[in-house]
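A.B. asks: coords below, sequence missing:
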C-alpha cells in the first residue's frame, strides 16, 4: 500500500493550534466529573487518576464525542447542514447532567466566537445559523465537537488526524485538572499524559470506524458523579 500523503506544514500548525490549552474556549474551567470522582470515588493519587482518565477515554470519549467529530468533519466539508443538525442534536440529548450540557454549549459558543476572529468567512458561509445571538438565534447552540469539527474541516488534515488532535487536547485539559484537584505534581501529570497518549491512537481508530447505530454515551458512574458535583461543597471547576 502506498503511504499517506504527508500533512502540509500549514495544516499541521493549524491542528497544533486547535489542540492548544491556550485556545480561549474555556476548557480549563471543567473537570468532566473528575473533581467529584476525587471527592466521592477515591481518585486521590496518580495511579487512580490515570486509570480514571484511561477509562473515560475508552468507555466515554471514544464511543461518543470522537465518533461525532469523525462524522462531522466530512459533513462540514460537504456543507451538509442537515447532517450537522442531526449530530449536534445527538450531542445535546446525550449530556446527562446540566453541567455536562453547559460545558459543551459554552465551549461550542466560545469556539464559534473565536473562529469568527480567525476564519470569519468560514463562519459566515457554514455556521451563520449558529453564530447568531439573542432574538435572532434560529438554531440550538453548536456543541463543542461540532464547533471543533468546523474549524478543523478547513484544513487538509485527515479525519483520523483531526480526531487525534481533539483527543490530545482533551487529555491535556484533563491532566491539568488532575494536577490541580488531586493534587499531583508536574512529573506525575506528564506520566499520566504519556499513558493517555499511548492509548489515544487506538481510541481514535475505534471512533473513526464506529457506525452511527453503535455510538453511545452510556457512562452511569460519570453521570452520577457529575450530578453530585452540582452540589459539591468545595469546587474548583464548573463540571
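C.D. replies: Okay, I see it. Everything numeric here is computed off the predicted structure, so don't read it as measured data.
A.B. asks: I'd like the next helix or strand past the helix-or-strand element of the chain with minimal mean pLDDT.
C.D. replies: The weakest-scoring helix or strand in the chain, judged by mean pLDDT, DSSP states H and E, is helix 128-131 (a mean of 82). Using DSSP states H and E, the helix or strand that follows helix 128-131 towards the C-terminus is helix 144-152.
A.B. asks: so where's the chain shaky on pLDDT?
C.D. replies: Within the chain, the ranges that satisfy pLDDT under 70 run 1-5, 132-138.
A.B. asks: which residues of it fall in helices?
C.D. replies: If DSSP state H is used as the criterion, the helices of the chain fall at 9-19, 34-40, 46-55, 65-77, 81-93, 98-118, 120-126, 128-131, 144-152, 159-181, 186-209, 220-229.
A.B. asks: could the ones you listed go into JSON lines alongside distance to residue 27 and mean neighbour count?
C.D. replies: Quick note: C-beta positions are derived from backbone N, CA and C, even for glycine. Shown next, in JSON lines, are the helices of the chain (distance: least, Cβ to Cβ, whole Å; neighbours: other Cβ atoms under 10 Å):
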{"stretch": "helix 9-19", "distance to residue 27": "11", "mean neighbour count": "16"}
{"stretch": "helix 34-40", "distance to residue 27": "13", "mean neighbour count": "23"}
{"stretch": "helix 46-55", "distance to residue 27": "15", "mean neighbour count": "18"}
{"stretch": "helix 65-77", "distance to residue 27": "13", "mean neighbour count": "23"}
{"stretch": "helix 81-93", "distance to residue 27": "16", "mean neighbour count": "17"}
{"stretch": "helix 98-118", "distance to residue 27": "6", "mean neighbour count": "19"}
{"stretch": "helix 120-126", "distance to residue 27": "20", "mean neighbour count": "14"}
{"stretch": "helix 128-131", "distance to residue 27": "19", "mean neighbour count": "18"}
{"stretch": "helix 144-152", "distance to residue 27": "8", "mean neighbour count": "27"}
{"stretch": "helix 159-181", "distance to residue 27": "5", "mean neighbour count": "22"}
{"stretch": "helix 186-209", "distance to residue 27": "15", "mean neighbour count": "17"}
{"stretch": "helix 220-229", "distance to residue 27": "16", "mean neighbour count": "18"}
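A.B. asks: redo these as CSV? Include distance to residue 25.
C.D. replies: Formatted as CSV, the helices of the chain follow (distance: least, Cβ to Cβ, whole Å):
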stretch, distance to residue 25
helix 9-19, 10
helix 34-40, 18
helix 46-55, 20
helix 65-77, 14
helix 81-93, 15
helix 98-118, 4
helix 120-126, 14
helix 128-131, 15
helix 144-152, 8
helix 159-181, 10
helix 186-209, 20
helix 220-229, 20
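A.B. asks: looking at those, which is closest to residue 26?
C.D. replies: In terms of Cβ to Cβ, the element of the helices of the chain nearest to residue 26 is helix 98-118, at 5.4 Å.
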